[in-house]
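In: kindly return the folded structure for what I paste below:
(one chain, ligands or ions: 1)
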Amino acid sequence: MSLRPGPAPASARTGPAVPAIKAVGLRKRYADITAVDGIDLTVAPGESFGFLGPNGAGKTTTIAMLCTLSVPTSGRIEIAGHDTRTDPAGARRSLGLVFQETTLDGDLTAAENLRFHADLYDVPVAEVPARIEQTLALVGLTGHRDRLVRTYSGGMRRRLEIARALLHRPQVLFLDEPTIGLDPQARAQVWRYLRQVCRSERVTLFLTTHYLDEADQCDRIAIIDEGRIVTEGSPGELKSVLGADRIDLRTADDAAAARLLRDRLGLAATAGPRGLSLRATDSTRVLRQVFTELDILVYEAKVVPPSLDDVFLHHTGHRIRDGVPAEPDSPPPDPGHPAGEPPSVTPPPAVPVPRGLRAELRALRMIWRRELLHFARDRTGTAVSLLQPLLFLFVFGAGVAGLLPASGGPAYQLFLFSGILIMAAQGPAVSVGSSVLWERQNGFLREMLVSPVRRGTLLMGKCLGGTTVATCQAAILLTAATPIGIPFDVGLYALLLIELALTTLAMTAFGVLAATLVGRPQTFGTALTVVMAPLIFLSGAMFPLAAMPTWMATLALVNPLSYAVDGMRRTVAAYLPDPPAQLFQQLTWGHWQPPILAEWGLITAGALLGLLLAARRFSRTT
Ligand SMILES: Nc1ncnc2c1ncn2[C@@H]1O[C@H](COP(=O)(O)OP(=O)(O)OP(=O)(O)O)[C@@H](O)[C@H]1O
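Out: Now for the predicted structure:
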């Protein structure tokens, strides 16, 4: 089965005049370091372009800017003709990205990861199953489609990431160090699949690497050092500039041999631990002379053509290998097409039409679904989060009821039930907020951020996922309602679930907002608890507002959670034959009782405001 798409409509084609990648004067400055220092690049459609440089040269920073994940300090970028500043969504639709670190969701299967990607990029629904099968086949993972990705080896993950990046048929495929950390076998395998991709897909390849043999496979390379491109051209061109081969000799007397080479042949040889080295443009002739004209035994003679490392040394004064891990000892990958020869120019893949509301809703549904899949698969987490409110209701409820002789006993548990539901709503605020931070840290979030989906949609999907989880948990908690005396009534249960869903959505949105402010997942949980605990105590969730000192009761009036608790408690009271008056007093401003609809409206407004603020704070950049 071929992955080659059908001919693109004329309007969607990138003409030969439009470069696949164009960057002008690209610069990125962090506080005290210039990571990229004025880069100009033009990559033609269909070309494979390598960005070669040592650790810290600025390769990842450049790729992050090209892929819209980082905003350049200055300069301009166009991807397939889309300016990343004025048309970031167009640029995102045109590119696929394989990150340096894995950004797969380990708790989903390979097919689910691909399905998620297809929905983010609005791949036509009817084509999704076939494309998933085709891309899995392309990278040799068909037999592993339904395995959880966390059980994959490093090489398999890499191949799956390549498949995923190709699923929406991008015009430009970016690969940031595609084989880093892989063993030689896996590395060779990834290259075999990349070559296949080059052959079967009409895609421009842009890859960063510090492996010389990988750079040698590209049509063209740029050598980057300390944020600047020091030279650019086909590997053959770059090496030919050096002109001379290196001849390594091991002789019976290196010092005498060096003297004779100088005096008789006019050649300068340098002595090193492995013998003598000299440069020669006509190495065959020089070798013949070495054997015939030196009266010294030569044990070994080796002609080494110029390498990209020599090119690097020539332009920068140091070797690319200085300070980087040794190149894995694998056979160099054979080129997809001979280096230096222009690639066959075929029309690039079609650019998908700009996204509309339908595409956003599709992405929203998928992000939502993923949260539910995680919930369904995390049985321990689910059990613990259900157990906690039940323990609170029965243990804490029974304990405090004993302190309230007048209105205690079962009545207190009736009162506490609404508060327990609100406490259940706190769970997603913490879990969704911290998952945003963990996913940013472990990379998965970047899969979403580099897609053309709006930030608000990403956030909404995550918040709705958390809200659904909390609502399902609350539905299970309702099974504890009858034993404590709350009547079984479908209308009551439905109203409670709606109120809870609205409250959870609001709390989750503020949880994500807090996460964007805190930034570190390690501290987020504690920070949110410090804010949430007083809000819950001051909401009347656990004891009546009437029992609070005046200053606390006044604070409770400005606490939005008080209105959520009050709304739920009023709903429960409406279905009780004789609610104990001391515990079920309504929230009042002087003598004014806010109508229950106003309380619901307040919570809804809170949810919208939270989502809006979180979306504004939430940054695509990493
Ligand atoms: N967020 C950041 N804040 C500050 N400095 C940064 C940041 N990101 C990168 N740098 C610095 O910018 C320089 C270039 O980093 P970059 O990650 O782009 O290099 P690289 O060529 O991709 O290296 P490697 O091969 O190790 O990934 C480095 O000195 C790095 O420390």
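In: CA only for contacts and neighbour counts going forward, please
Out: Will do.
In: in stretch 116-131, what's buried?
Out: Across stretch 116-131, burial judged by 16 or more other C-alpha atoms under 10 Å covers 116-123, 128, 131.
In: can you check stretch 276-288 too?
Out: Applying a neighbour-count criterion of 16+ other C-alpha under 10 Å, one finds 276-280, 283, 286-287 buried in stretch 276-288.
In: for this protein, what lies in contact range of the ligand?
Out: 30, 35, 54-61 (C-alpha under 6 Å from any ligand atom).
In: among those, which two are most distant?
Out: Y30 and P54 (19.1 Å; C-alpha to C-alpha).
In: these two: which has the busier surroundings?
Out: Higher neighbour count among Y30 and P54: P54, with 22 against 9, using other C-alpha atoms under 10 Å.
In: okay, the more buried one: pLDDT?
Out: We have a pLDDT of 85 for P54.
In: okay but it is in contact with I223, surely?
Out: No: the criterion here is C-alpha atoms under 8 Å, and P54 misses it with I223 at 9.3 Å.
In: neighbour-wise, give me the winner out of the residues of the chain next to the ligand.
Out: Neighbour tally across the residues of the chain next to the ligand (other C-alpha under 10 Å): the maximum, 27 neighbours, falls on K59.
In: for that one, list the residues it contacts.
Out: 51-53, 176, 208, 224, 227 (C-alpha atoms under 8 Å, 6 or more residues apart in numbering).
In: so what's the backbone phi/psi at it?
Out: phi -70, psi -50 (degrees, to the nearest 10).
In: one more: L538?
Out: Here is the backbone geometry of L538 (degrees, to the nearest 10): phi -90, psi 20.
In: all helices in the stretch 301-450 of the chain, in order from the N-terminus.
Out: For the stretch 301-450 of the chain, applying DSSP state H, counting those that start in this stretch gives helices covering 308-316, 357-377, 379-391, 397-401, 410-442, 444-449.
In: what's the closest of these to L492?
Out: Counting by C-alpha to C-alpha, L492 lies closest to helix 410-442 out of the helices of the stretch 301-450 of the chain; the figure is 12.0 Å.
In: okay, buried residues for the closest one please.
Out: For helix 410-442, by 16+ other C-alpha under 10 Å, it's 410-440, 442.
In: tell me what the helix or strand where A598 lies is packed against?
Out: A598 belongs to helix 596-617 when elements are defined using DSSP states H and E. Applying 3 or more C-alpha pairs under 8 Å, 6 or more residues apart in numbering; DSSP states H and E, we find helix 596-617 packed against helix 455-477, helix 490-518, helix 560-575.
In: now for the buried residues of stretch 116-131, which pair is the farthest apart?
Out: Within the buried residues of stretch 116-131, L120 and R131 form the most distant pair, 14.5 Å apart (C-alpha to C-alpha).
In: chain center to stretch 123-142: distance?
Out: 21 Å (C-alpha atoms, centre = their mean, to the nearest Å).
In: quick one: end-to-end distance for it.
Out: 20 Å (C-alpha to C-alpha, to the nearest Å).
In: what's that stretch in contact with?
Out: Defining contact as C-alpha under 8 Å, 6+ apart, one finds that stretch 123-142 is touched by 1-3, 111, 114-115, 118, 145, 156, 159-160, 162-164, 166-168, 193, 196-197.
In: switch the cut-off to 7 Å
Out: Stretch 123-142 has contacts (C-alpha atoms under 7 Å, 6 or more residues apart in numbering) with 1, 3, 111, 114, 118, 159-160, 163, 167-168, 193.
In: export those as JSON lines, with columns for distance to G46 and pLDDT.
Out: Listed next are the contacts of stretch 123-142 as JSON lines, based on distance: C-alpha to C-alpha, whole Å; pLDDT from 0 to 100:
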{"residue": "M1", "distance to G46": "21", "pLDDT": "31"}
{"residue": "L3", "distance to G46": "16", "pLDDT": "30"}
{"residue": "A111", "distance to G46": "28", "pLDDT": "95"}
{"residue": "L114", "distance to G46": "24", "pLDDT": "96"}
{"residue": "A118", "distance to G46": "23", "pLDDT": "94"}
{"residue": "R159", "distance to G46": "21", "pLDDT": "89"}
{"residue": "L160", "distance to G46": "22", "pLDDT": "92"}
{"residue": "A163", "distance to G46": "18", "pLDDT": "88"}
{"residue": "L167", "distance to G46": "17", "pLDDT": "90"}
{"residue": "H168", "distance to G46": "17", "pLDDT": "89"}
{"residue": "Y193", "distance to G46": "17", "pLDDT": "77"}
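In: low pLDDT regions in the chain?
Out: Applying pLDDT under 70 to the chain flags residues 1-17, 320-355, 401-410, 619-622.
In: tell me, what residue is most central in it?
Out: By C-alpha atoms, centre = their mean, the chain has its centre lying nearest to R446, at 2.1 Å.
In: so what's that one up against?
Out: R446 touches R440, counting by C-alpha under 7 Å, 6+ apart.
In: contact partners for V303?
Out: With C-alpha under 7 Å, 6+ apart, V303 has these contacts: 245-248.
In: so A89 sits right up against R455, yeah?
Out: No: shown here, A89 and R455 do not form a contact pair, counting by C-alpha atoms under 7 Å, at 11.3 Å.
In: helices or strands next to the helix or strand hosting G236 in the packing?
Out: Assigned by DSSP H and E, G236 belongs to helix 235-242. Helices and strands touching helix 235-242, by 3 or more C-alpha pairs under 7 Å, 6 or more residues apart in numbering; DSSP states H and E, are helix 308-316.
In: what ranges do the helices span in the stretch 51-200 of the chain?
Out: Counting by DSSP H, counting those that start in this stretch, the helices of the stretch 51-200 of the chain are 59-66, 88-94, 110-120, 128-138, 154-166, 184-200.
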